[in-house]
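Peer 1: when you get a sec, could you give me coordinates for this:
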Amino acid sequence: MKRIANYLIVLALAVFTFTSCEDIPSPFGQIVAPKADDGVVIEPSGKGTLADPYNVAGALEFIAGLGADVQSPNDVYIKGYVTTITETFGTQYGNATFEISDTKEGANKFLCYRVKYFGGQGYSDPSATNIKEGDEVIICGKVVNYKGNTPETASNAAYVYSINGKGGGTTPTPTETLGTKDAPITVSKALEYINALADNGTTDKDAYVKGKITQIKTAEDKIAQYKNIDYIISDGSKELTVFRGKNLDNTDFTAAGQINVGDEVVVFGKLTKYVKDGNTTPEVAQGNYIVSLTKGSGGGGGEAKGTGTAADPFNIAAAIAKCKEVGTTASTEKYYIKGYVVKGGTASGGYGNVTFDMGDTKDATELFKAYQVAGTDGEKLADGYEVPAGAEVVIYGPVVTYNTTYETAGKSAAQIVTINGKKTNDTGGGGDSGGAAGDGSQSNPYNVAAITEICGKLGDKETSATDYYIKGKICSVKYTFSAQYGTATFNISDDGKTGGTEFTAYSVYYFNNAAWVDGNTQIAVGDDVVLFGKITNYGGTLETASKKACIYSLNGKTSDGGSGGGGGDTGGEITATFGDLDCSNIAAIKLSDGTTIAVAQEDGKSAPIYHESTKIVRIYARNSVTIDAGSKKIAKVVFAYDTYNGTAYKGNDEMYGEAGSSKITPTKDDTNVTFSNVNNSKIKVVNWLESGNSGGTQFRITGVTIQYQ
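Peer 2: Just a heads-up that it's a prediction; the model follows:
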């Protein structure tokens, strides 16, 4: 067996190579080599079984044989001494995070990340045995080489088998699965399991699901960025969404074309019933990946037929061929296309058009999207007009290849000629939105025509990464502001009329991203508004992302009694909670008024994190949080912090703020940490700990209020 010293030298070189071209640090630090001053070199030993556990050196050698982010297929047992504790077992999450080594002095390091308690159970009794430095433990579970440079237990997939030779509870039954790789379940069977779940419930077992890809939902230019793909699979009768799926063997997707419509896959992951606003989407949950891939031919659409004329329409194969010929710029010529509706659609949102998928057969997998098509005479379709699956349809309009989708050009440029031999019969109506205008900035907001064009190009349920300013006139109100929810929902158009091009302001907050309270100004049809926030294409409804946008100005005012929005406002304040903000990148959190929050590791041992489940940002020892108000001057900053199990997580006593050349000592009470007399556009708060870069008291921030001068 190779000596662990050789392994660590190779791994150190690999880490150096990666870090030379990527500045992002590993979230859990680098692997620590055995101590060199005492000459300790520990041979890898053990078989990873309960009878003969790996020592830490043996575990490191075993994990070195795994690919980056590839989880071990089976549970292994590892024995070592607790040397560093990030979090002891607690009742909130029921798990702990700590390092073990082959000696109490720290020879070799292995991260036990979010491991469960005895028997694989959550820690629920605060009086029960906990871990401490120096304890000898045996860990059982799955392991992973996180990002290729941090060997650790897979999150919540391991548990403490014993502490100092004493255990508790029984060994968990090995995880069962729904189906197997060689005998996967069908999409229809997966839907049976999903339908039995509560709303937003997830199966406790992983499933192997087999299906043929019918649609790639992630835009081609986003695949390399996201490293995953949303797509739909079918067994010929039912469909299932694969949400943020990974490639073969849990590797990243790096480009379009690695999977295609018509490919047959077996996907491994948990099943979930995703429900939002009454709409249910059965999914294979995030964390899934492909275990088997059989390349197809695009679904077997058959021979291309037709000339695209009224007398001889294109079939779907011919329409797709024309899209490939035309490319990414819509054709100037219009074509007649005939086929069957494979996935139906319903007109909604007052847009007057409908979107559905067509194939050469009723169960085809090679599909053409009739995108935002109008009625027979180009008229607007009434909300609720349905194009059902199985119907025979002839459409007429320009075509285009949009990312990986072959479709008609949108915004009612195409129309339904006949559906099951009949013309559409609703005449609709409404105003004219005019041309697209604006650039989405504060000084030049998008108009409704522009934002609907941008939003319409997002994938289903995809939310924009960018916040936009959007102007329009309220044409209908679904919900006025209420003190109960603090948000409102209404539609805007460019001319204030319904029936034309409209955009939905869905669950938007009041000024400065604050909840509306009794006494504040209400909204009404005819009001001029400017919105600020993220947008989403939710099942064909173009809208602001729920609680991710607010009113920037109402009839020219940027606050109740405020100025007309000409920029450079003074005074006032903004309050934001992290659960209502986009915290996917805590180094660049943006508030609705343009102020930014940046959280950084600095020289702390642990990197700061955002907990999605609790909506809390955790600032560890020597981490920092910087607030930059741009052209505005900050008078005071008030952080709201979390208290849990009797511990007030309000940071270390040595915490300070830097504002220009001033060093500010905060005041702390039972709920807030306050920095007064900032008198600067920027303040940097450091959770300083004089004794070292780990330990101390975390600063767990739930929200912030900023008062401006």
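Peer 1: does residue 66 touch residue 148 like I think?
Peer 2: No. Using CB atoms under 8 Å, residue 66 is not in contact with residue 148, being 9.3 Å away. For glycine as for every other residue, the C-beta is placed from the backbone atoms N, C-alpha and C.
Peer 1: and the gap between residue 178 and residue 268?
Peer 2: Distance check for residue 178 against residue 268: by CB to CB, to the nearest Å, it reads 10 Å.
Peer 1: find residues that contact each of the two.
Peer 2: 206, 207, 208 (CB atoms under 8 Å, 6 or more residues apart in numbering).
Peer 1: give me the neighbour count for the second one.
Peer 2: It stands for residue 207. Per other CB atoms under 10 Å, the neighbour tally for residue 207 reads 23.
Peer 1: likewise for residue 294?
Peer 2: 11.
Peer 1: quick check: chain neighbours aside, which residue is closest to it?
Peer 2: The spatial neighbour of residue 294 that comes closest, neighbours along the chain excluded (CB to CB, 6 or more residues apart in numbering), is residue 264 at 4.3 Å.
Peer 1: could you look up the SS state of the spatially closest residue to residue 248 that is not a sequence neighbour?
Peer 2: Excluding the flanking residues, the one nearest residue 248 by CB to CB, 6+ apart is residue 290, at 5.0 Å. Here residue 290 takes the strand state, with states given by DSSP: H, G, I helix; E, B strand; the rest coil.
Peer 1: OK, contacts around residue 290?
Peer 2: 245, 246, 247, 248, 259, 265, 266, 267, 268.
Peer 1: the same query, at a cut-off of 10 Å, please.
Peer 2: The contact partners of residue 290, by CB atoms under 10 Å, 6 or more residues apart in numbering, come to 229, 242, 245-251, 253, 258-259, 263, 265-269.
Peer 1: and the nearest residue to residue 54 once chain neighbours are set aside, how many neighbours does it have?
Peer 2: Distances taken as CB to CB, 6+ apart place residue 46 nearest to residue 54, at 4.0 Å, with adjacent residues excluded. Residue 46 sits with 20 neighbouring residues when counted by other CB under 10 Å.
Peer 1: so residue 46 sits against residue 78, correct?
Peer 2: Yes. Applying CB atoms under 10 Å, one finds residue 46 in contact with residue 78, separated by 8.0 Å.
Peer 1: next, show the common contact partners of the two.
Peer 2: 53, 54, 55, 56, 58, 59, 62.
Peer 1: can you tell me the element the closest residue to residue 654 other than its chain neighbours falls in?
Peer 2: Spatial nearest neighbour of residue 654, chain neighbours left out: residue 688 (4.3 Å); criterion: CB to CB, 6+ apart. If you go by DSSP states H and E, residue 688 is not part of any helix or strand.
Peer 1: what residues are up against the most centrally placed residue in the chain?
Peer 2: The residue lying closest to the centre of the chain (CA atoms, centre = their mean) is residue 584, at 7.5 Å. When contacts are counted by CB under 10 Å, 6+ apart, residue 584 touches 465, 610, 612.
Peer 1: likewise for residue 600?
Peer 2: 586, 587, 607, 608, 619, 623, 624, 625, 626, 684, 686.
Peer 1: next: residue 421.
Peer 2: Applying CB under 10 Å, 6+ apart to residue 421 gives the contacts 391, 392, 393, 394.
Peer 1: who wins for neighbours among the residues you listed?
Peer 2: residue 393 (21 neighbours).
Peer 1: pull up the pairing partners for the helix or strand hosting that residue, direction included.
Peer 2: Per DSSP H and E, residue 393 falls inside strand 392-397. On the basis of DSSP bridges, the sheet neighbours of strand 392-397 come out as strand 335-343 (antiparallel), strand 415-419 (antiparallel).
Peer 1: starting at the chain centroid, how far to that strand?
Peer 2: 36 Å (CA atoms, centre = their mean, to the nearest Å).
Peer 1: identify each buried residue in stretch 276-288, please.
Peer 2: Across stretch 276-288, burial judged by 16 or more other CB atoms under 10 Å covers 281, 282, 283, 284, 285, 287, 288.
Peer 1: downstream of the strand holding residue 393, the next helix or strand is which one?
Peer 2: strand 399-402.
Peer 1: hmm, who's touching that following strand?
Peer 2: 219-220, 308, 314, 319-320, 322-331, 333-335, 337, 368-369, 371, 406-410, 413-414, 457.
Peer 1: if we go to 6 Å?
Peer 2: 322, 323, 326, 327, 328, 330, 331, 408, 409 (CB atoms under 6 Å, 6 or more residues apart in numbering).
Peer 1: tell me the secondary structure of the residue lying closest to the second one once chain neighbours are set aside, please.
Peer 2: Take residue 323 and drop its neighbours on the chain: the residue closest to it by CB to CB, 6+ apart is residue 406, 3.9 Å away. Here residue 406 takes the strand state, with states given by three-state DSSP.
Peer 1: can you name the residues bridging to residue 406?
Peer 2: Residues in beta-bridge contact with residue 406 (DSSP bridges): residue 401.
Peer 1: wait, it sits on residue 321?
Peer 2: No. Under the criterion of CB atoms under 6 Å, residue 406 is not in contact with residue 321, lying 9.1 Å apart.
Peer 1: give me the more crowded residue out of those two.
Peer 2: residue 406 (22 against 15).
Peer 1: for the more buried one, give its distance to residue 362.
Peer 2: From residue 406 over to residue 362 the distance is 18 Å, taken as CB to CB.
Peer 1: I'd like the next helix or strand past the helix or strand bottoming out on mean pLDDT in the chain.
Peer 2: When each helix and strand of the chain is scored by mean pLDDT, DSSP states H and E, helix 4-21 comes last, with a mean of 43. Counting by DSSP H and E, the next helix or strand C-terminal to helix 4-21 is helix 56-64.
Peer 1: averaged pLDDT, that following helix. What do you get?
Peer 2: If you average the pLDDT over helix 56-64, you get 90.
Peer 1: go ahead and measure how far the very next helix or strand once past it is from the middle of the chain.
Peer 2: As assigned by DSSP H and E, the chain's next helix or strand after helix 56-64 is strand 76-87. Between the centre of strand 76-87 and the centre of its chain there are 31 Å (CA atoms, centre = their mean).
Peer 1: per-residue pLDDT, residue 301?
Peer 2: At residue 301, the model reports a pLDDT of 47.
Peer 1: just the one 10 residues further on next, same as before
Peer 2: What the model reports for residue 311 is a pLDDT of 81.
Peer 1: where along the stretch 501-650 of the chain do the strands fall?
Peer 2: Ranges of strands in the stretch 501-650 of the chain, per DSSP state E, counting those that start in this stretch, are 502-508, 528-538, 541-554, 573-577, 589-590, 596-600, 609-611, 616-619, 624-628, 634-641, 643-644, 647-648.
Peer 1: and of these, who's closest to residue 482?
Peer 2: Residue 482 lies closest to strand 502-508 among the strands of the stretch 501-650 of the chain, at 11.1 Å (CB to CB).
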